[in-house]
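In: fold the following for me, if possible:
(3 chains)
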Amino acid sequence: MANDSYYRGMRSFSLFLVGGLILVAGCTPAPEAMTGKVLIYGRGNDAVTLDPADAEDGESVKTITNVFDTLVTYDDNGADLVPALAESWTPNEAGTEWTFKLREGVTFHDDTPFNADAVVFTFNRLINPEFPERNGAAVPYRADYAVIEKVEAKSPYEVVFTLKRPSGIFLRKLAMFPAAIVSPGAVKEMKEGFKSNPVGTGPFVFGEWVPGERLSMLANPKHWRGAPKVDQVILKPILEPAARRRQLSGGEIHMADELSIPVRKQVREDKNLKLDTCPGMNTAYIAMNNERPPFNDPRVRKAIAHAIDKEAIARSAYEGEGQIATTLVPKAMWGHHDGIQNRAYDPEKAKQLLQEAGVAPGTKVKFFAMRNSRPYMPSPEQVTAIVTQQLKEIGLDPVVHSPDWGNYLNQVGNGEHDICLMGWQTDNADPDNFLFALLDKENAIPPKAHNLSFYKSEPVHELLIAAQGETDQAKRLELYKKAQEIIHEDCPMVPLMHLDLAVGKRLNVEGYKLHPTGLVILRNTELK
Amino acid sequence: MFLSAVTRLIRAAVTVFAVFVIVFVAIRLTPGGPAVAMLGQRATEAEVARLNHEMGWDRPIPEQLFRYLVRAAQGDLGIAYLSPGRPKVSKELARLFPATVELTLSALLIAIPLGLTLGTIAAAFRDRWPDRIAIALSSLGVSIPIFFLGILLLLLFPSMPGSGRIDISVSMRGIDRTGFYLIDTLLAGRWNLFQSAARHLVLPAMTLATVPMAIIARVTRSSLLEVLGSDYIRTARAKGVNRTGVLLHHALPGAAVPIISLLGLQLATLLAGAVLTETVFTWPGIGRYVMLAASQKDYNALQGAVLLLGIVFILVNTATDVLCAWFDPRIRRREGASE
Amino acid sequence: MKSRFGPAVLWRTLPIALALSFLVGVGGLAIFASSLPLRDPYTQRSEDRLQPPSPTYWLGTDDLGRDVMSRVIYGGRYSLSVGLVAVGLAFAIGVPLGIVGGYAGGWTDRILMSIVEIVMAVPGILLALVMISILGPSLGNVMIAVGISQIPAYARQARGGTLTIANQEFVLAARVAGTSSIRILIRHILPNVLAPVLVVATLGLGSAILEAAALSFLGLSGDPNRPEWGSMLNMTRERFQDQPWLVLVPGFAITASVLSFNVLGDALRDWLDPKSRRS
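Out: As a prediction, this is how the structure comes out:
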C-alpha cells in the first residue's frame, strides 16, 4: 500500500506543474501593441511573387497595387482612367505614337528618382524577352503589351510609346499591374531578390514578408498623393473563409476578403462587423463546344439556354449575392449591352428546339464542372447540381466530369468537353478582355484555348479587331454592342451570373472602398 | 558494443536513403509535374518543355538524383518553386524547423513530467481509484484524435491565441538569432514578446503532448510494477527503505530505459502529431510544410523536407541508443531489446 | 485476481461491455442506415442551415443545411470500413510476409525484414502524404496508405510467432515426414500464429480509424461532401465557436470508436495471454 507522504509529494508535484501551466497560460497580459496604427487584412492565400512582371495571381497583385504606381490608373470609384505617374498624355493623329508627360519630384522607396529612364526600363523588361534585367520574371502578361513597338525617353520627364498599330486598349493596359513602374536601381541590384523585395513609388513601402504568415507594408509619407491613413498594413493569409470570419469577429484581423456565400451571411448578421459589397466585373458562364455535334447546331445551343433557370441559380447557389448575366460583358463594366434580353427559362421551348434539331432524348452530354470555388462562382457543386437536373428535364443525359483544377483547365482548353462551367474576372475593365479573350477565333486554338465555346465567327472577329484599333471610346462601344448582338443570336455560350465583390470589416475600419475591378486599394483606409 | 551501435547507425542511414530514393523516384513517375503549376494556365507546351529542360526535369531520373545529391551535399537543396516568394528550400527549412522543434520540445516538457507522475501514481495505487483514473486518462489520451483535441482546447480557452507563433504585428527581423522564439525574445530582452511567444505555444504544445503523455504514463506504470516485483527492490525493502523511497530512488531510474527507448520510437507519432497540430493551430513548422509541399508536388520542397526528417530520424535513433546505454549498461548485452 | 465476483470484476468488465455495445450500436446503425427513418445525408436545405440540436434535428444541421445525425450515422459506414479495409490489407500482406520470413530464415528473412524496416522507418503520415500526392486524394488511397503503414506490425508479430513455433516438435515431425513447406505453413503454423495477430488487428483497427480520420481531416480523402467523420470535422472545424455541435459530434464518434477498439484489443490480449496482464 502506498503511504501518505508519497502521495502528498506527488500531489504537490502535479499541482506545481498545473500551476506553472496556468501561470503561462492565463496570467500574462497580451503583449503591448506595436506603435502606430496597424491594419491587419485577412486574405485567402499568400502572394506568389511581388515583382509586377512576374505576377499573375490576385494575392500577389494585392501587394503590388499598394507598393507600386502605374502611369495611369483607375478612378477610385469606378473604372475610368485618371492620371497617376503620368500627368497627361497625347496620342498622335494615327494613334500609333503616345507621348506621356511624367509627374516630377516623385522618388522610389529606395530614394532614387522616378523619371523617363525608369519607365523605359520597366517597359523594356516587360516586352523584350531577351532583356538582361528580366531576372527570371515569367512575364505572363507579355502578350498584352506586344502592341508596343518601342519606348523612348524624349526628355527626363517625357516618354514616347510607339505602337505597331493603333490601339483602343493600350491605355487600359498601362493601368494594369504588370505595367507598374519598378525602380531600375533596385532591380539591377537585387536581381532575383526583387521578387521578394519590391521597390516602387506606391503609397506603401514594402516591409517584411514571412511566407505563409505575414506580409507587412509601411506607410510611405512621401507619396505624391499624400501619406496613407494607417502606419502599417499586415496582410495575413488565412486559408478557410470560415477561419477568416472567426478571426474577424474575434478582432484578430480588421478586414477579410474572399468570403464564401454562407460566411457573407454570417458577417452581415454580426453586429460588430460590416459587409461591403459592390457589383463585380466577372461573369460565370456555360461554354458549349460549337465544334462538337450536337452543339454545332445553334438550335441545340439555344435549347440549353432556355433549359437553364438562372433565377434558381441566383437564388440557391448565389443566394442573392450576384446578378443574372444576359451577356458576357458584366453589367458593372462599360461596354455592357443593356438591350440584350435574357433567354427566359422555358423547358417546353427547349424540348421543342431539341426535337427540331433532331436530338434524341437520352443523348449523353459530357459536362465538365469544377469542384473548387472560383472568384465568379463560389459554390460550383450547387450550380452543377442545378444545371444537371435541368438538362435532365429536357431529356438530355449529362455526364459530369470534375478533374482537379489544373487538369480541368488542360482538358477544357483542349476541347474535350461538350459543355463546361467557366468564368472570367477582368484584368483591365475593358470589354476586349472578355469578348476577344473568350469568344474570338484567335483564342480558339487547342490545347490552350481560352475560347472554350470554340466559336469562330468571322463577323465578330472583324468587329473585335476593329474595336481594338479604335481609340474613340464611343465608337468602340458601338462595335462591342454590335458584336454582343451577333453573339446573342449565335448563342455560343450561356452567360449565367455576375458575383458581387464583398469585404468584411470591423466597425472601426473606415474609408475603404471596394473597387469594381477587384483591386485592393488601401491608401484611404483608416483605423478609428 | 560500439560496433553494434555503428551497425545500427549504418542500417538507419541506409533505410533513410532508401526511403529518400523511393520518394524521389515516385514523385517523378506521376503525371502533372511542377512546370505546369509554375507557369500557370497561360503556358504553352513549348514553354513547359523549355522550363522542364532548364530545370533538368527532362533528364533521366538517376542523373537527376545524382545531381540533386551532389548539390545537397554542398547544402544546396534548390528552390521551392511553388512556395510564396520562391525561396531556397534550405532557407525555408532553417526557418520552419526550429518552429517544429520548439513545439515538440515544449510538448515533451509537458508530457514527460505529467506522464511520469500519472504512471507513478497509478503504480502506487495499483487497482485502486487513482490507478483506474490514470488508466482511463491514458486510454483516452491515445484514442482522442489530436486534431479534435486541439479544437476542443480552442473552444475551452477562447482567449488564448489559436494561430501563429507570436503576435501578428510583431516582426522578428533582427532578433531571430536561433529561430526559437522563446530564446530569441529573451536574448533580445523583449519580455513582452517572450510572453506573446509563450502564450502562442501553450495550446499547440498541450495538444501535441497528449499522446506521448498517455504512452509514458502506461509504460511508467507497467515498468514500475515489474521492477517493484523484482529481487533488488525486495532487497531494498528488506533493508528498510520505505515505499516512497523505493519508488523514487530505485524503481523509477530502472524504468528510465523503457521510457527513453519508447520516446525514440515515438518520434514518428510526434511527427504525425506535429502535422496535425500545426494544421489546427496554423503553426508555421515543418509538418505543415511537408503537407503543403506534398499536395502541390513541389519536388524540391518535398525532397528537402524528407531528407531533413530522415536525418533527424537517424540522429534521434542514435541518441536514444546512447541514452539507453548510459542509463543501463545491461542493455549492451541485450541486442535489439528496445521494444 | 482475488475473487471471480465483486467490484474488481465489474470494473474490469464494464469498459468491455460499454465498448462492445458502442461498436455494435454504431456498426448496426451504419449497416442499416438506409432502412432507418433518417434524412438523406447529402440533401441541402438552405432554409435550415446551422440549426442547433432540436427535436426536429436531434444533432442539428451543418452550414449547408444537412442533417448532422444522418451524416454521422452514414459516416460510420465510411469511417469504420476504411479501418476494416486498411487492417485487412495490412493483415493480408503482413502475415504472409512474416510467416514466410520466419519460417524460411536466412536471406529471404533478411530481405523481407529490411523491407519491413524501411516501411516502419517512414512515419505513417509522411508515407500517406507522399502516396496521396502521387496517387491523388481519394478514400481508396487513404485506405491503401493506412494499410501499408500498418504492415510492419503484422509482419513482425507473425514472424515472432513463427520463429517460436517452427522449432516445436510437431512442426519438426511434419518436416521429417516430408510434408511440403506450404502445407506446414498453412496447416500448422498459421493457426498457431493467428491468435496474437488478431490482438494486433483489434488494436490496429483503432489506430487505422484514427489515422484515416487524420488524413481525411487534412483533406486527403477526396470528396469533402462525403459524410466521413474526419472530413466532417475538417469542413466544420472553423465553426467550433458558434456551432460547437458540428465538431463535437464527429469528434466524439471518432474518439469513442477508437477508444472502444483499444479497450477490446487490451481485453483480448489479457484473455489470450494472461502473462501479459499486469494489473
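
In: give me the domain ranges for chain B.
Out: Using automatic domain parsing, the domain parsing of chain B gives B:2-73, B:89-338.

In: which of those is buried the deepest?
Out: domain B:89-338 (a mean of 20; mean count of other Cβ atoms under 10 Å in any protein chain shown). In this view, the C-beta of every residue, glycine as well, is placed from N, C-alpha and C.

In: residue of the stretch 201-339 of chain B with the smallest distance to chain A?
Out: Chain A sits closest to residue B:244 of the stretch 201-339 of chain B, with a gap of 3.6 Å, by Cβ to the nearest Cβ.

In: how about the stretch 151-279 of chain C?
Out: Taking Cβ to the nearest Cβ, chain A has its nearest neighbour within the stretch 151-279 of chain C at residue C:238, 3.4 Å off.

In: ok, then the element right after the helix or strand in which the residue of the stretch 201-339 of chain B closest to chain A is found?
Out: Assigning secondary structure by DSSP states H and E places residue B:244 in helix B:243-245. Later in the chain than helix B:243-245, the nearest helix or strand by DSSP H and E is helix B:252-265.

In: okay, angle between the next helix or strand after that following helix and helix B:252-265 too, please.
Out: Counting by DSSP H and E, the next helix or strand C-terminal to helix B:252-265 is helix B:267-280. Per axes from the mean of the first three to the mean of the last three Cα atoms, to 10 degrees, the angle that helix B:267-280 makes with helix B:252-265 is 60 degrees.

In: and stretch A:462-475, what's buried?
Out: A:463-464, A:467-471 (16 or more other Cβ atoms under 10 Å in any protein chain shown).

In: now do the SS call for residue A:503.
Out: Of the three states, residue A:503 takes strand according to DSSP: H, G, I helix; E, B strand; the rest coil.

In: what's it in contact with, if anything?
Out: By Cβ atoms under 8 Å, 6 or more residues apart in numbering or on different chains, the contact set of residue A:503 is A:255-257, A:259, A:275-276, A:512, A:514.

In: residues contacting stretch B:90-107, please?
Out: With Cβ under 8 Å, 6+ apart as the test, stretch B:90-107 has contacts from A:210-211, B:75-77, B:80, B:83, B:165, B:178-182, B:201, B:204-209, B:212, B:270, B:273-274, B:277-278, B:283-289, B:301, B:304-305, B:308.

In: tell me the average confidence for that stretch?
Out: Averaged across stretch B:90-107, the pLDDT comes to 92.

In: what does stretch A:447-464 give?
Out: Averaging pLDDT along stretch A:447-464 yields 92.

In: measure that stretch end to end?
Out: End-to-end distance for stretch A:447-464, by Cα to Cα, to the nearest Å: 23 Å.

In: buried set for it?
Out: Residues A:448-457, A:460-461, A:463-464 are the ones in stretch A:447-464 that count as buried (16+ other Cβ under 10 Å).

In: what is the most widely separated pair among these?
Out: A:448 and A:463 (24.1 Å; Cβ to Cβ).

In: which non-adjacent residue is nearest the closest residue to chain C within chain A?
Out: Chain C sits closest to residue A:242 of chain A, with a gap of 3.4 Å, by Cβ to the nearest Cβ. The shortest distance from residue A:242 to any non-neighbouring residue, by Cβ to Cβ, 6 or more residues apart in numbering or on different chains, is to residue C:238 (3.4 Å).

In: mind listing what that neighbour touches?
Out: Residues in contact with residue C:238 (Cβ under 8 Å, 6+ apart) are A:240, A:242-243, A:245-246.

In: looking at the buried residues of stretch A:462-475, which is nearest residue C:151?
Out: Closest to residue C:151 out of these is residue A:464 (61.2 Å), distances taken as Cβ to Cβ.

In: for residue C:221, grab phi and psi.
Out: The phi and psi values for residue C:221, taken as degrees, to the nearest 10, are phi -100, psi 20.

In: I'd like to know how many residues surround it.
Out: Number of residues near residue C:221 (other Cβ atoms under 10 Å in any protein chain shown) recorded here: 26.

In: verify the stated contact: it with residue C:142.
Out: Yes - when contacts are counted by Cβ atoms under 8 Å, residue C:221 is listed as touching residue C:142 (4.8 Å).

In: mutual contacts of these two, please.
Out: Shared contacts of residue C:221 and residue C:142 (Cβ under 8 Å, 6+ apart): C:212, C:215.

In: quick revisit: any idea which of the domains of chain B scores lowest on pLDDT?
Out: domain B:2-73 (a mean of 78).

In: so does that one get close to chain C?
Out: Yes - interface with chain C: domain B:2-73 contributes B:11-12, B:15-16, B:18-19, B:23, B:26-27, B:29-30 (Cβ under 8 Å from any Cβ of the partner chain).

In: could these be laid out in a markdown table, adding secondary structure?
Out: Output for the residues of domain B:2-73 next to chain C, formatted as a markdown table (three-state DSSP):
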| residue | secondary structure |
| --- | --- |
| B:11 | helix |
| B:12 | helix |
| B:15 | helix |
| B:16 | helix |
| B:18 | helix |
| B:19 | helix |
| B:23 | helix |
| B:26 | helix |
| B:27 | helix |
| B:29 | coil |
| B:30 | coil |
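
In: tell me, which of those residues make contact with chain A?
Out: Residues of the residues of domain B:2-73 next to chain C in contact with chain A (Cβ under 8 Å from any Cβ): none.

In: in contact with residue B:247, which residues?
Out: A:6, B:120, B:123-124, B:224, B:228.

In: from these, which is closest to residue C:107?
Out: Nearest to residue C:107 among these: residue B:224, at 41.8 Å, using Cβ to Cβ.

In: doesn't the residue of the stretch 151-279 of chain C closest to chain A lie inside a helix?
Out: Yes - counting by three-state DSSP, one finds residue C:238 located in a helix.

In: ranking helices and strands of chain A by mean pLDDT, which lands last?
Out: helix A:4-22 (a mean of 42; mean pLDDT, DSSP states H and E).

In: can you give me the helices for the stretch 101-250 of chain A?
Out: Secondary structure of the stretch 101-250 of chain A (DSSP state H, counting those that start in this stretch): helices located at A:116-127, A:170-174, A:184-190, A:241-249.
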